[in-house]
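Student: Please find the sequence and the predicted model below.
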Amino acid sequence: MHINKNIAISETGFVFNPLSGDSFSTNQVGQAILRILQLGISQGEIVSQLVDEFSVDRQTVEKDLTDFLLMLRNYQILMDDDKA
Amino acid sequence: MMIKRKITIGVTGLNNIDSPGPGIPVIRALRESDLFDVRIIGLSYDTLEPGLYMHDLVDKSYQIPIPSSGTEILLERLVFIHKIEKLDVIIPNFDAELHSFIKLSNILNQAYNIATFLPSQEQFESRHKSVLFEFGETNEVKVPFAKMIFSTAEIYNIEEELTYPLVVKGKYYDASIAATPEQAVSYFHKISAKWGLPIILQEFITGNEVNVTAIGDGKGNCIGAIPMRKLYITDKGKAWAGIALEDEELVQIARTVISNSKWRGGCELEFIKTKEGDYYLLEMNPRFPAWVYLAVGCGQNHPEALVRMALGETVIPYTKYDVGKMFVRYSYDQIVPLSEFEKIATTGEL
């Protein structure tokens, strides 16, 4: 999976999809996830990084991350690697 | 510093109201031209068109006769105005008046040296709602299947061609979504009572609405095109806020339509983008939209390009624009002395 190449993400966590015109605001955790996603890291590794960075248990991070990634896919911010 | 050419331009569509005409955005674009130093002559139909009282944008205004008065009376009035103001160009901005201005364009140009840049009568007719499906076939753009009907009896015979829900549309305005033949009959009566016949039954396509403001040179070149998605829509369905999109496919479709139809002048293309990513043309308006100033904000001054082409110049097509620029409208109360209202109401000039 990867962030759609057109998506603009600002340092404040403001996300803009220039193809649809949609924009979103993310909190600190969302910003961290987007930042890690931009590095092309796997879901398992993202969980580990978030557990370390935010001192939360692994199960909670896994559940919340799955929900967040689903939302990113729905908004066409995140694409699976077999898609452009 | 480049010296700007002085030029006098007549502009209609000064109704900058909740269902705004394009006149004021067109004037703002012309005022920001790097090439022209414009004197703007407002041409109005109503004494309460807000643009009449915007003296920083409109230098002088004249009432003109409504389109149903006929072209001879309109010509007489335009000639009167021209004798005083020496108009170089006229930019009509209402659908309903375009027929008259297209009809008068040759005489305005040849007898009075007033330029316009309008589609031909055939082009104007070809994108009417009632024949849009055929327009799509001719110009290689997807258009929802549609059929013109003249009686409710025809509604019960279309089930082989169209399925429910479908859209029941008036010839000029109004559209309702019917889920059953009974609903379609009800909308047929409501809409035809208002706008007459025929009624158009159209395939219902779901998706996101995206629009393009564009301009063609009449030779098959698209001089500029900006795609936009409405972010805030009024209860009249008008865009109160919108954002410029990065959508090369949509821009390419707009170019194809302009190129194939050899469109001459400004236009607005209204599309639905389906979940599968297909674009369906829902409407083609034969003039700039009221949000055309967004094009200027994105780096393409379409009204300036139109004036240049009206004056016979060749304009090189724009190739880029700024994505993510937004427009957000606002309403503003102008305080108007009664004397100004009195002047336009009694003398037809302000």
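Tutor: Done, it's in.
Student: Any regions of the stretch 251-350 of chain B where pLDDT drops low?
Tutor: Within the stretch 251-350 of chain B, not a single segment meets pLDDT under 70.
Student: Point me to the residue of it nearest chain A.
Tutor: Proximity of the stretch 251-350 of chain B to chain A (Cβ to the nearest Cβ) peaks at B:Val323, 4.6 Å away. C-beta coordinates here come from the backbone N, C-alpha and C atoms, glycine included.
Student: Not counting its neighbours along the chain, what's nearest that residue?
Tutor: Nearest non-adjacent residue to B:Val323, counting by Cβ to Cβ, 6 or more residues apart in numbering or on different chains: B:Glu246, 4.1 Å away.
Student: Please, where are all the helices along the chain?
Tutor: This is for chain A. With DSSP state H, the ranges of helices along chain A come out as A:28-38, A:43-54, A:58-74.
Student: Sorry, I should have been clearer: chain B.
Tutor: Here chain B has its helices, by DSSP H, at B:23-31, B:71-85, B:95-112, B:121-126, B:132-139, B:181-195, B:248-261, B:293-297, B:302-310, B:338-347.
Student: how about residue 16, what does it touch?
Tutor: All of this is about chain A. Neighbour list for A:Phe16: A:7-10, A:22-23, B:324 [criterion: Cβ atoms under 8 Å, 6 or more residues apart in numbering or on different chains].
Student: Hmm, no, I was thinking of chain B.
Tutor: So B:Asn16 contacts B:23-24, B:49-51, B:54 (Cβ under 8 Å, 6+ apart).
Student: likewise B:Glu270?
Tutor: By Cβ under 8 Å, 6+ apart, the contact list for B:Glu270 reads B:209, B:211, B:281-285.
Student: 7 Å instead, please
Tutor: B:209, B:211, B:282-283 (Cβ atoms under 7 Å, 6 or more residues apart in numbering or on different chains).
Student: For ChimeraX, write a command that selects the buried ones of those residues.
Tutor: Selection command for ChimeraX covering only the buried members of the contacts of B:Glu270, criterion 16 or more other Cβ atoms under 10 Å in any protein chain shown:
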select /B:211,282,283
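Student: A:Phe68 and A:Ile33 touch, don't they?
Tutor: Yes: judged on Cβ atoms under 7 Å, A:Phe68 makes contact with A:Ile33 at a distance of 6.1 Å.
Student: And these two? Which one has more around it.
Tutor: A:Ile33 (21 against 18; other Cβ atoms under 10 Å in any protein chain shown).
Student: nearest to chain B, of the helices of chain A?
Tutor: The nearest among the helices of chain A, by Cβ to the nearest Cβ, is helix A:58-74 at 11.5 Å.
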